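Asks: Pasted the sequence and its predicted model underneath.
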Amino acid sequence: SQTIHQWPATLVQPVGSPLSLECTVEGTSNPNLYWYRQAAGRGLQLLFYSVGIGQISSEVPQNLSASRPQDRQFILSSKKLLLSDSGFYLCAWRMQGVYEQYFGPGTRLTVT
Amino acid sequence: GQNIDQPTEMTATEGAIVQINCTYQTSGFNGLFWYQQHAGEAPTFLSYNVLDGLEEKGRFSSFLSRSKGYSYLLLKELQMKDSASYLCAVRRSSASKIIFGSGTRLSIRP
């Protein structure tokens, strides 16, 4: 069976510090991978998605970036965090050709 | 572009029925999803509609009208554990991505 992992679960970082959030998927190959952000009490905002290694599509211009160094690994990064980067970051995966999308447990980021 | 609208909040009574509506405007529509999200947790998949009509799955049903750009999620025999946010999301045929609405926060009272 497939599982998706995200870490860390919670993170408190000062403004201006770097960020690296990691997501890995097990039990499948060549998945579509997604990064979403959810501000408190709000809906999910799609940040990046990837259909293959090294292929990243950016949805919203911002100070975040994403990379997919391996087939089942998706990384969200920032060189300098802003207060507005606080939120709940969710990684998701979907098998190509299948409609259902599965979410990881999320990382709650607080920028202080 | 695309636009997804759903009510921000709803309240219902335990044991009753509630209908959560979602309207959307998008080009190249290729399916509509409903997800449930409890506070502080990740969303979990509830339903997927790509053809017009009603899909029933236990206490939950989802309806889609493509010509009207309209869907609803129907929850029957409400339980306290159904208190959560319900997210409507749309998939476009030309993209590999799913776009979510802002969600409807449903509160169940005894």
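Replies: Thanks, I have the structure now.

Asks: Please count neighbours and contacts with C-alpha atoms only from this point.
Replies: Noted.

Asks: Residue B:108 against residue B:82, yeah?
Replies: Yes - judged on Cα atoms under 8 Å, residue B:108 makes contact with residue B:82 at a distance of 7.0 Å.

Asks: how about the nearest residue to the residue of chain A found nearest chain B, chain neighbours excluded?
Replies: Distances between chain A and chain B by Cα to the nearest Cα are smallest at residue A:43, namely 3.7 Å. Residue nearest to residue A:43 in three dimensions, not counting chain neighbours: residue B:102, with 3.7 Å by Cα to Cα, 6 or more residues apart in numbering or on different chains.

Asks: pretty sure that neighbour contacts residue B:6?
Replies: Yes - in terms of Cα under 8 Å, residue B:102 counts as a neighbour of residue B:6; the distance is 7.2 Å.

Asks: what do the two both touch?
Replies: residue B:88 (Cα atoms under 8 Å, 6 or more residues apart in numbering or on different chains).

Asks: could you say which helix or strand contains the residue most central in space within chain A?
Replies: Note on chain A: the residue nearest the mean C-alpha position is residue A:35, at 3.2 Å, using Cα atoms, centre = their mean. In the assignment (DSSP states H and E), residue A:35 maps to strand A:32-38.

Asks: counting contacts, what elements does that strand pack onto?
Replies: strand A:44-52, strand A:87-94 (3 or more Cα pairs under 8 Å, 6 or more residues apart in numbering or on different chains; DSSP states H and E).

Asks: Parallel or antiparallel, list what pairs with that strand.
Replies: Strand A:32-38 has its sheet partners listed here by DSSP bridges as strand A:44-52 (antiparallel), strand A:87-94 (antiparallel).

Asks: hang on, residue B:75 packs against residue B:57?
Replies: No - the criterion here is Cα under 8 Å, and residue B:75 misses it with residue B:57 at 10.0 Å.

Asks: okay, these two: which has more neighbours?
Replies: More neighbours surround residue B:75 than the other of residue B:75 and residue B:57, with 19 against 10 (other Cα atoms under 10 Å in any protein chain shown).

Asks: Contact partners for residue A:107?
Replies: Residue A:107 touches A:6-11, A:21, A:88-90, counting by Cα under 8 Å, 6+ apart.

Asks: and if we set it to 6 Å?
Replies: Counting by Cα atoms under 6 Å, 6 or more residues apart in numbering or on different chains, residue A:107 makes contact with A:9-10, A:88-89.

Asks: Also residue B:89?
Replies: Contacts of residue B:89 by Cα under 6 Å, 6+ apart are B:32-33, B:99-101.

Asks: in what helix or strand does it lie?
Replies: Judged by DSSP H and E, residue B:89 forms part of strand B:84-92.

Asks: returning to what we had before: make JSON lines out of the strands paired with strand A:32-38 and add mean pLDDT.
Replies: JSON lines is the format used below for those (pLDDT from 0 to 100):
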{"stretch": "strand A:44-52", "mean pLDDT": "91"}
{"stretch": "strand A:87-94", "mean pLDDT": "95"}
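
Asks: Please identify the most buried of those strands.
Replies: Comparing the strands paired with strand A:32-38 by mean neighbour count (mean count of other Cα atoms under 10 Å in any protein chain shown), strand A:87-94 comes out on top with a mean of 25.

Asks: Excluding residues flanking it in the chain, which one is nearest residue B:87?
Replies: Leaving out its chain neighbours, the residue that sits closest to residue B:87 by Cα to Cα, 6+ apart is residue B:103, at 4.3 Å.
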